[in-house]
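1. Please work out how this folds:
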Amino acid sequence: MPTFPREEMEEMVSLWVAANNEAGQTGDWSKMSAFYTEDAIYSWNTGPRNEFVARGRQQIQDWVFGSEMAGLENWTYPYVRTLIDDQKGEFLGVWRQVAPIKDEKGVPYEIAGTGGSWFRYAGDFKWSWQRDFFDHINAGSVFGAMMQAGQLNETMQERMKKGSKMPGWVRLEDFDWYSTLADPEA
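-> Residues are numbered from 1 along each chain as shown. Got it, this is the predicted structure:
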């Protein structure tokens, strides 16, 4: 893997986190796909049978920041830790998932557990690879509680009904994310 100047990677992370924060505040996630190479891969596990996979900037635009963020527009994902490995060109960010809606105690709904993203930097202020991790059982629990309280928007209710029929969801055996870790320079 190529090495990158530490300052460049720090600037990339700073730009990324600022754009993430702005998207959460405005509810407009559409600008985030500009941070990816044309052939980037973005994935996460969706449970024991499925993975989510977007291949290329257009699918990332349409699916990650489109259909997957539908109903979550004003949720915020504040980063609580950022770790940069300039020798490998990788960045690990740990974040929270906070709803813009408060529960009966007046506390914003939040998905418990650790959420994060692991990125591979490609230079030119672009990511070539991203793998997210978060607790799907806790997410489902929060969405269920919001639905019972009449606070889950219609878009999220429809998404929950669709389940694995969402664009980008593939069977676990059809995507080996470990193989995407291979050193692109090897």
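2. List the contacts of the spatially most central residue of the chain.
-> Nearest to the geometric centre of the chain sits residue 132, at 5.4 Å (CA atoms, centre = their mean). Taking CB atoms under 8 Å, 6 or more residues apart in numbering, we find residue 132 in contact with 42, 43, 44, 115, 116, 117, 118. C-betas here are computed from N, CA, C, even on glycine.
3. Let's see if you can find the most crowded of these.
-> residue 42 (27 neighbours; other CB atoms under 10 Å).
4. Counting by contacts, list what the strand or helix carrying that one packs against.
-> Using DSSP states H and E, residue 42 sits within strand 36-45. Helices and strands touching strand 36-45, by 3 or more CB pairs under 8 Å, 6 or more residues apart in numbering; DSSP states H and E, are strand 50-55, helix 57-59, strand 126-133.
5. Which one of the ones you listed lies nearest to residue 35?
-> Of all the helices and strands packed on strand 36-45, it is strand 126-133 that lies closest to residue 35, at 5.7 Å by CB to CB.
6. buried residues in that closest one?
-> For strand 126-133, a neighbour-count test (16 or more other CB atoms under 10 Å) marks 127, 128, 129, 130, 131, 132 as buried.
7. Residue 92: which of the contacts of residue 132 is nearest?
-> residue 118 (5.2 Å).
8. now the closest one: how far from residue 157?
-> Residue 118 is 31 Å from residue 157, where distance means CB to CB, to the nearest Å.
9. quick revisit: tabulate the helices and strands packed on strand 36-45 in TSV, adding columns for distance to residue 73.
-> Shown next, in TSV, are the helices and strands packed on strand 36-45 (distance: least, CB to CB, whole Å):
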stretch	distance to residue 73
strand 50-55	18
helix 57-59	19
strand 126-133	18
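10. worst average pLDDT in these?
-> Mean pLDDT is lowest for strand 50-55 among the helices and strands packed on strand 36-45, at a mean of 94.
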